[in-house]
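Enquirer: how does the following fold in three dimensions:
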Amino acid sequence: MEQARKRARRAPPERSRGTPRGEREWLSIDAEKVAFERPREAGTVHVGLSFWKRLGFDEALGAAQVSERTRLLSCAMVMNRLIAPASERAMAKWIRRSALGDLQGVSFETLSESALYRNMDRLYPKREVIESVLVERERELFNLDQTIFLYDLTSTYFEGLVLANPKAKRGYSRDKRPDCKQLVVGLVIIRDGFPQAHEIFDGNTQDRASLPAMLDRLEARVGGFKRGQTVVVDRGMAFDENLAQIQSRQLHYLVASRQSERHGWLAEFEDLEGFDEVIRLSSPLNPGQRKSTVEVKLKRTDTETYVLSISDGRKDKDRAIREKHEQRLLRDLEKLKGRIEDRRLTRTLKIGEAIGRLKERYPRVARYYDIAFDPETRAFTYIVNESRRQLAERLDGSYMLKTDRVDLAAEEAWRIYNLLTRAENAFRCMKSPLGERPIFHQLEHRTETHIFLCVLTYHLLVAIEKTLLDQGVHTSWASVRETLKNHQVATIVLPTDDGSVLRIRKGSTPEPEHRELYRLLGVSETLMRPKKTWSESTAAM
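Expert: Okay, here's the model as predicted:
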């Protein structure tokens, strides 16, 4: 009786022990020895691979004339960035221990990190072709609007000295890491968030200097510009020469004007007549939640349209920033005064240079201070100009947009400009969830390929989120990833009473939340076809 309880149902009498194993329907199983082997996270990989195929990545790599192995390894590297980003040194281990090989029907058991580095070297010269094919494929697949191009820049920093990369330089760090060398990354997206082109600049590149090269890259990626398209940039590229560069390509511009340009419009800002209220909503995760109120007013000249904007939410922020800068300026002015009085700084030229540096460091507040040094009396003075300070206070919370388009209402222009936040979000996604920073590569071409892999991964991320958003589901890839990570592939080990062992490699049964996500994403619930293998004894267990 004890032995019988350990056995599952036996084969029918007509089934002989010589029946081919591939045709067996009934087995006698030793239930106490049933095991569960090699569980692997698979739901996230399954979705990533499905969108890799849907967006035509293999076709894009094929157009670049890379080998099948390069396509396979490039796919594996992008999947790692999407699901569990790691450095290329740690990437091979993740690939070997993921369900990627199961779902693709290949073995990564012997994959080494050197193979991934060599793959980066092969991928580097093909970036332009791959990006161009993806842009066209996504435009057709999602019926994307390419009338608005949103251009923004960010910086990303290195670990190490980076002596072999001439582009690695110190500059304005948006990551607040001025101690590290960095690169500047430019990215153009469209209103739906899909990348159109990216470029990598020296770490000390100013925003305004990057625009001509970026326009060249964008024109090549989208197959030429069409009349009526608009480029949206921030105030760092609001100089006259930048606007002329945009117009020279038969494009329109929409920019935030520089702070100094607001002063000529003070009377218009103070006159509340003509302002219209715009309700600004919070993030797509809470689309019905009121966030803040912005008032906008339209003014036109012979050549440009101006949108004057006053934001309640921005007023307190502007005031806090200005007051903080003023405190720092006063502190540094006192330090400079002490150096002069103690005669640690005596040369008039050097004192003038020190004053100039302070004005450059605190331009927001130094403009309403009269700072002077009298070489005859050696008196150093700084006096606040109250009229200019009051002007700055009245302009807290205000900003101004300008465009050469005449067909935009104030609210429409304001909403188009605020699409730039999607470019900022793209950078946040690439830096944190996709692991772009910090950069450990020391060679220029591998550094640029690392960033290119992050951009390719972002194509997948935004396509997944766009697919959900089109069905009214406001969620992020991070939430999808968290939900799907416990849908796994594993091996079920079934020892039989004749000493042989059947192993079945298959996906687990999806839970209701998995099924719902797969349905929304248009992805099959089946992870893989079951694979059966037999061994003659339990010794391998």
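
Enquirer: please count neighbours and contacts with C-alpha atoms only from this point.
Expert: OK.

Enquirer: for the nearest residue to residue 299 once chain neighbours are set aside, what are its contacts?
Expert: The spatial neighbour of residue 299 that comes closest, neighbours along the chain excluded (Cα to Cα, 6 or more residues apart in numbering), is residue 306 at 5.0 Å. By Cα atoms under 8 Å, 6 or more residues apart in numbering, the residues touching residue 306 are 298, 299, 300, 400, 401, 402, 403.

Enquirer: which two among the residues you listed are spaced furthest apart?
Expert: Within these, 300 and 400 form the most distant pair, 12.5 Å apart (Cα to Cα).

Enquirer: and those two? Which one has more around it.
Expert: Per other Cα atoms under 10 Å, whichever of residue 300 and residue 400 has more neighbours is residue 400, with 22 against 13.

Enquirer: please report how far the more buried one lies from residue 63.
Expert: 44 Å (Cα to Cα, to the nearest Å).

Enquirer: report how many residues lie close to residue 435.
Expert: Look at residue 435: counted by other Cα under 10 Å, it has 21 neighbours.

Enquirer: that one: which element?
Expert: Under the criterion of DSSP states H and E, residue 435 resides outside all helices and strands.

Enquirer: which phi and psi does it have?
Expert: phi 70, psi 40 (degrees, to the nearest 10).

Enquirer: next one: residue 118
Expert: Main-chain torsions, residue 118, degrees, to the nearest 10: phi -60, psi -40.

Enquirer: give me the number of residues near it?
Expert: Per other Cα under 10 Å, the neighbour tally for residue 118 reads 12.

Enquirer: for residue 70, see how far away it is.
Expert: Distance of residue 118 to residue 70, computed by Cα to Cα: 9 Å.

Enquirer: which residues are in contact with the host helix or strand of residue 479?
Expert: Here residue 479 sits within helix 477-484, counting by DSSP H and E. By Cα under 8 Å, 6+ apart, the list of residues contacting helix 477-484 from outside reads 42, 43, 44, 83, 433, 461, 464, 465, 513, 514, 517.

Enquirer: 7 Å instead?
Expert: With contacts defined as Cα atoms under 7 Å, 6 or more residues apart in numbering, helix 477-484 is touched by 43, 44, 461, 465, 514.

Enquirer: repeat for stretch 113-121
Expert: Residues outside stretch 113-121 that contact it (Cα under 7 Å, 6+ apart): 70, 73, 88, 89, 92, 446, 449.

Enquirer: sort out for me which of these are in helices.
Expert: When these are checked against helices (DSSP state H), the matches are 70, 73, 88, 89, 92, 446, 449.

Enquirer: and those, which is closest to residue 428?
Expert: residue 449 (18.7 Å).

Enquirer: how many neighbours does that closest one have?
Expert: Using other Cα under 10 Å, residue 449 has 22 neighbouring residues.

Enquirer: repeat for residue 111
Expert: Residue 111, neighbours per other Cα under 10 Å, totals 15.

Enquirer: ok, residue 216 next?
Expert: What residue 216 shows, counting by other Cα under 10 Å, is a neighbour count of 13.

Enquirer: could you pick out the buried ones from the contacts of stretch 113-121?
Expert: 70, 73, 88, 92, 446, 449 (16 or more other Cα atoms under 10 Å).

Enquirer: what is the nearest of those residues to residue 34?
Expert: Among the buried ones among the contacts of stretch 113-121, residue 92 lies closest to residue 34 (Cα to Cα), at 31.0 Å.

Enquirer: quick one: pLDDT of residue 227?
Expert: Looking at residue 227, its pLDDT stands at 88.

Enquirer: just the pLDDT for the nearest residue to it once chain neighbours are set aside.
Expert: Residue nearest to residue 227 in three dimensions, not counting chain neighbours: residue 250, with 6.0 Å by Cα to Cα, 6+ apart. Per-residue pLDDT puts residue 250 at 94.

Enquirer: hmm, residue 250 is touching residue 230, no?
Expert: No: checked against Cα atoms under 7 Å, the pair residue 250 and residue 230 is beyond contact range at 9.3 Å.

Enquirer: same drill for the two, tell me which one is more crowded.
Expert: With neighbours defined as other Cα under 10 Å, residue 250 and residue 230 compare such that residue 230 has more, 24 against 15.

Enquirer: roughly how far does the more buried one sit from residue 212?
Expert: 15 Å.

Enquirer: which residues are in contact with residue 400?
Expert: With contact taken as Cα under 7 Å, 6+ apart, residue 400 is in contact with 256, 257, 262, 306, 307, 308, 309.

Enquirer: I figured residue 447 hits residue 440, correct?
Expert: No: with contact defined as Cα under 7 Å, residue 447 does not reach residue 440; the gap is 8.1 Å.

Enquirer: of the two, who's got more company?
Expert: When neighbours are counted by other Cα under 10 Å, residue 447 and residue 440 differ, and residue 447 comes out ahead with 21 against 18.

Enquirer: can you pull out the helices in the stretch 251-400 of the chain?
Expert: 266-270, 312-341, 348-361, 363-366, 386-394 (DSSP state H, counting those that start in this stretch).

Enquirer: and residue 213, how many neighbours?
Expert: Residue 213: 13 neighbours (other Cα under 10 Å).

Enquirer: using the three-state scheme, assign it.
Expert: helix (DSSP: H, G, I helix; E, B strand; the rest coil).

Enquirer: and residue 425, by the same measure?
Expert: helix.

Enquirer: mind checking how far it is from residue 192?
Expert: Counting by Cα to Cα, the separation of residue 425 from residue 192 is 12 Å.

Enquirer: with residue 41 instead?
Expert: Residue 41 is 30 Å from residue 192, by Cα to Cα.

Enquirer: farthest-apart pair in the contacts of stretch 113-121, please.
Expert: Going by Cα to Cα, the pair spanning those furthest: 70 and 89, at 17.6 Å.

Enquirer: next up, the contacts around the closest residue to residue 239 other than its chain neighbours.
Expert: Once flanking residues are discounted, residue 239 sits nearest to residue 208: 7.5 Å by Cα to Cα, 6+ apart. When contacts are counted by Cα under 7 Å, 6+ apart, residue 208 touches 236, 237, 242.

Enquirer: do you know the pLDDT at residue 208?
Expert: 95.

Enquirer: got it, and the one 4 residues further on?
Expert: At residue 212, the predicted lDDT confidence score is 96.

Enquirer: pop the domain breakdown of the chain in here.
Expert: 2-8+25-40+483-540, 43-125+474-481, 133-309+399-442+463-469, 314-394 (automatic domain parsing).

Enquirer: and which of the buried ones among the contacts of stretch 113-121 is nearest residue 137?
Expert: Distances from residue 137 to those, taken as Cα to Cα, are shortest for residue 70 (20.5 Å).
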